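Visitor: next input, structure requested:
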Amino acid sequence: MKTSISSPPRFFIHLLLLLLLLLLLLLLLLTISLPSIQCDDLVEQICKKTPFYDLCISTLRSNSNSTDSDVKGLARVMTDFLLANATDTLNYIRAQINQTSDPQMERALAYCAELYIPVVKYNLPQAIDALSKGQFAFASDGISDAAKEADACEKNFSSSMK
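Guide: Okay, here's the model as predicted:
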C-alpha cells in the first residue's frame, strides 16, 4: 500500500549532481586548454579553479584513481562519479513514486524519472565514451544536456509542489 509523504522530498542528491556537472564542465575546459599540465598536486590546482573547491577536493580525493591521474583522468573520475550519482537519483525518484499516494507528487516524480532515464542510459555513458576518445566538445555537450535535464526536473518538481 502506498503511503503519503508528508513533505516533498528534497533532491539533495540532485543538487550535488548539478554542482558536479558544473565542475566536470570546468574540468573538460581545462582538459582542452591545459592538456599537458604537470604539478605536484593536480587535484589541488584544478579545484582552485572551480567555484566549488571543497566539493571538488572531497570528490576527487575520495577516489584512489585520481591520485596519479592527469587532467583527462580526473575528468573520467568525475564522469564516473556523476553517472553513479545520477543513477542513485533515478533510483531514489523511482522509490518515491512507489511510496507516494499523492497524485500531484507522483506526476512530478514521474516527470523527473522520464528526464533522468536518458541521462543515466545515454547522456552520461556517451559523454564518458567521448571523453575516453578525446572528443571533449561532444563530452561537454552530453554533460551539459544532462545538467539541463536535472535542472528541468528540479524546476518542474518545485513548481508542482507549491
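Visitor: mind checking the end-to-end distance for stretch 115-130?
Guide: Taking CA to CA, to the nearest Å, the first and last residues of stretch 115-130 lie 21 Å apart.
Visitor: tell me which residues in it are buried?
Guide: L115, Y116, I117, V119, V120, N123, L124, Q126, A127, I128, A130 (16 or more other CB atoms under 10 Å). Heads up, the C-betas are built off the backbone N, CA and C, glycines and all.
Visitor: so what's the second one up against?
Guide: By CB atoms under 8 Å, 6 or more residues apart in numbering, the contact set of Y116 is A86, T89, L90, I93, E149, A150, C153.
Visitor: swap in the fifth one?
Guide: Residues near V120 by CB under 8 Å, 6+ apart: L83, A86, T87, L90.
Visitor: let's go with 6 Å and repeat that
Guide: Contact analysis of V120 by CB atoms under 6 Å, 6 or more residues apart in numbering lists A86, T87, L90.
Visitor: quick one, helices of the chain?
Guide: Taking DSSP state H, the helices of the chain run over residues 12-33, 42-47, 53-61, 71-99, 103-118, 124-132, 136-160.
Visitor: please name every helix or strand in contact with the second one.
Guide: Just to be clear, that refers to helix 42-47. Other elements packing on helix 42-47 under the criterion 3 or more CB pairs under 6 Å, 6 or more residues apart in numbering; DSSP states H and E are helix 53-61.
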